[in-house]
Structure formats: C-alpha cells, structure tokens
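> Any chance you could fold what I've pasted below:
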Amino acid sequence: MIGDVNLIAILLMALAASLSPGPASLAIAGTSMARGRKDGLLLTAGVMAGSLAWSIAAALGLGAIMLAHSWVFEIIRYAGAGYLLFLAWKSARSALSRKDVVVNSINGTPTALVLRGLAIHITNPKSILFFGAMYSIGIPSNASAVELAIVVAAVGFQATLVYAGYALLFSAPSMTKIYLGLRRWFEGAFALGFSFASFKVVTARLQ
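Below is the predicted model of the structure:
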C-alpha cells in the first residue's frame, strides 16, 4: 500500500484535472456563455453524475485488484502515469499555443442537457485511467469502505464546486475575458502539476 489515505494529494490532483480545460469544462463554459447560467448548471449536473460513476468504479476496482493481483495493479499504475504525462504534454502545448480556446455550446431541454453532460464522462474511458492513477497515489490496499466513501465524496464535492464555478464564471462575459486572458499561465501550471503527479505515481513506494 502507499501509507495511509493521502486525501490532500488526491484532492490536489483532482483539482488540477478539473481546472484544466477538457471536454467537460469546455462544454460547460460554452453552454454557459451561449445559453446562460441555468443551462450551464444543468450540464454540470450530468457531468458530475458521470464523473462520480468513474470515481466509484476506480476506487472499488483498484481496491480489489491490489488485494488479488498486484502485477495487474502495477500495469494500471504505469498506464495511469503515462496518461498523466499525456495531460502534461497537452497542457504545455496549449500554454505555448497562441490560438484561442474553442468552446462548444450544447443545446436541448433540461433533461437532454443533464444526459449529454453524463455522456461526456461516461463515454470517455480515459477518465478511469486518471482516477486510477490518482487513487493509486493516495489509497492503500487495505482502505476501508468508509475511507473509500470519504475519498469519493470529497473528490466529487470538490469537482462539483469547480464545474459549477465554470458555469457561474462563464455566464458573466467580463469574467470570461479575464480567464481567457490568463489561460496560458494556467495551462503552464497544469503542465507542471501533471508532470509532478506522474512522477509521484511512478516513484511511490508500494508495500
């Protein structure tokens, strides 16, 4: 295992992932800008449902794998570290690019917006790689069901605050301009953060 549950490390990695522009955040931003705060929050609800599904699957699945097949866990661990490096490369490339961020607006009824937000995460299998890498740092193999529940709840609550924040932020035109003006600095910080997280996954001492 990797010591005790390291909730701080997990939350920091999850925060970087939530803040870094991706399919979910860009969809929420575009919808909030084009259709307003309400539709942005409805889309956020769907995104969080999908994120929670992957988070629970990763937490429960990793616990079972670590206890039964340590070599399989090692494969997942290094695959997750590789994916974190990929995220770091994407962030670095975006930070160096002078092109504007492309955001897409999603239209539909309230129910359709929630379902489309859910589909954004459910149809993205890379999400479980990220959750797997993240949890491999902070969750020991003997973690209890209560500890797993606390981690999943904390990660979900933090992500909800971030994605709902996107909906509120991008529904205000003035705040959108400020964020986009600082985008490259944020992306540079994300690149460093993901690189460090990948290093921690690879060098973590397992018992």
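> Any idea how far the helix or strand harbouring G61 is from the middle of the chain?
G61 is part of helix 37-68 when elements are defined by DSSP states H and E. Helix 37-68 sits 9 Å away from the centroid of its parent chain (CA atoms, centre = their mean, to the nearest Å).
> Name the residues of it that come out as buried.
37, 39-52, 54-55, 58-59, 61-63, 65-66 (16 or more other CB atoms under 10 Å). Where you see a C-beta, it was placed from the backbone N, CA and C, and this is true even at glycine.
> average model confidence for it?
Taken as a whole, helix 37-68 has a mean pLDDT of 81.
> same question, stretch 107-117
Mean predicted confidence for stretch 107-117 is 86.
> ditto for stretch 164-182
Across stretch 164-182, the average pLDDT comes to 79.
> How far away from the center of its chain is it?
With CA atoms, centre = their mean as the basis, stretch 164-182 stands 19 Å off its chain's centre.
> Am I right that E147 is in contact with L7?
No: between E147 and L7 there is no contact under CB atoms under 8 Å: 9.0 Å.
> now the strands: where do they sit in the chain?
Counting by DSSP state E, the chain yields no residue ranges for strands.
> That one: helices as residue ranges?
Per DSSP state H, the chain carries helices over the ranges 7-19, 23-35, 37-68, 70-96, 110-122, 126-138, 145-170, 173-203.
> what's the helix holding G61 packed up against?
Under the contact criterion of 3 or more CB pairs under 8 Å, 6 or more residues apart in numbering; DSSP states H and E, helix 37-68 touches helix 23-35, helix 70-96, helix 110-122, helix 126-138, helix 145-170.
> Out of these, the one nearest G193 is which?
helix 70-96 (7.9 Å; CB to CB).
> ok, now how distant is S127 from L169?
Relative to L169, S127 is positioned 23 Å away (CB to CB, to the nearest Å).
> Many thanks, have a good one.
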